[in-house]
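**Student:** Sequence and predicted structure below; questions after.
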Amino acid sequence: MNFTDAKVMDYLHAAQPSNDPVLLEMEERGAREGFPIIGPLVGRTCAAFARAIGAKRVFEMGSGFGYSTFWFARAVGAEGLVVHSEGSAVRSAEAKVYLSSAGLAERARFLVGDALDLLAEEGRSFDVVFIDVDKHQYPDAWRIACEKVRLGGVVLTDNTLWSGRVADPKAKDRDTVGARTYNELALADPRFLTTILPLRDGLTVSLRIA
């Protein structure tokens, strides 16, 4: 769901088109298969935050076939690393093919398994943690991610407006509750400066300040 006027959204997409054939291929696939990718506007935003803080280490919690990985891999540069974590071995392999086609696979490490467990097992901190797992997992994802991002780093989380359902007090399904609780936890944590951007389906940005 988009929270901006349709004409404005058309303008934003026309003004900021993806400029890489691999990105375009992934966008076409997402549209064709109805597979949820973050899309070019959120991708560009994530890349901008990563570049703004000089990110070199990114952990993605839920990476699909690598669309968001592409954006982060370009942002971290040749010396950077993006950890792509995905529960499906098939999608993980597809992501490696896409990233290889773009010349970015060497900047990524591909892990298969539960993203929360995989991040919890990491011994080092990250500049960026990107969260895009099942929404009912979001509160637990925050509790892990907030401890794994460095001072000055950011936690970026997709779908945090969840088609507007987070604003409906009557919506109490576990995914809506998960997204709503996530926002509450992030906004209440004094170690982070958090804001929610009404971009696409909502992007919560949490900058670690303490």
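**Tutor:** The structure has been received and is ready for your questions.
**Student:** Confidence-wise, which helix or strand of this protein is lowest on average?
**Tutor:** Lowest by mean pLDDT, DSSP states H and E among the helices and strands of the chain is helix 6-15, with a mean of 89.
**Student:** For that helix, list the C-alpha coordinates in PDB.
**Tutor:** Written as PDB, here are the backbone C-alpha positions of helix 6-15 (Å, rounded to 0.1, in the frame of the first residue of the first chain):
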ATOM      1  CA  ALA A   6      -1.200   8.300  -6.700                       C
ATOM      2  CA  LYS A   7      -0.100  11.100  -9.000                       C
ATOM      3  CA  VAL A   8       2.700  11.900  -6.700                       C
ATOM      4  CA  MET A   9       3.700   8.300  -6.600                       C
ATOM      5  CA  ASP A  10       3.700   8.200 -10.400                       C
ATOM      6  CA  TYR A  11       6.000  11.300 -10.400                       C
ATOM      7  CA  LEU A  12       8.400   9.800  -7.800                       C
ATOM      8  CA  HIS A  13       8.700   6.500  -9.800                       C
ATOM      9  CA  ALA A  14       9.200   8.400 -13.100                       C
ATOM     10  CA  ALA A  15      11.800  10.700 -11.600                       C
END
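**Student:** Going forward, the N-terminal residue is numbered 282.
**Tutor:** All set: I'll call the first residue 282, so the last point we hit is now helix 287-296.
**Student:** remind me, longest strand of this structure?
**Tutor:** strand 430-439 (DSSP state E).
**Student:** what packs against it?
**Tutor:** Using 3 or more CB pairs under 8 Å, 6 or more residues apart in numbering; DSSP states H and E as the contact test, the elements touching strand 430-439 are helix 320-333, strand 407-412, helix 419-429, helix 455-469, strand 484-489. Every C-beta, even on glycine, is put in place using the N, C-alpha and C of the backbone.
**Student:** so which of those comes closest to residue 310?
**Tutor:** Among these, the nearest to residue 310 by CB to CB is helix 320-333 (12.5 Å).
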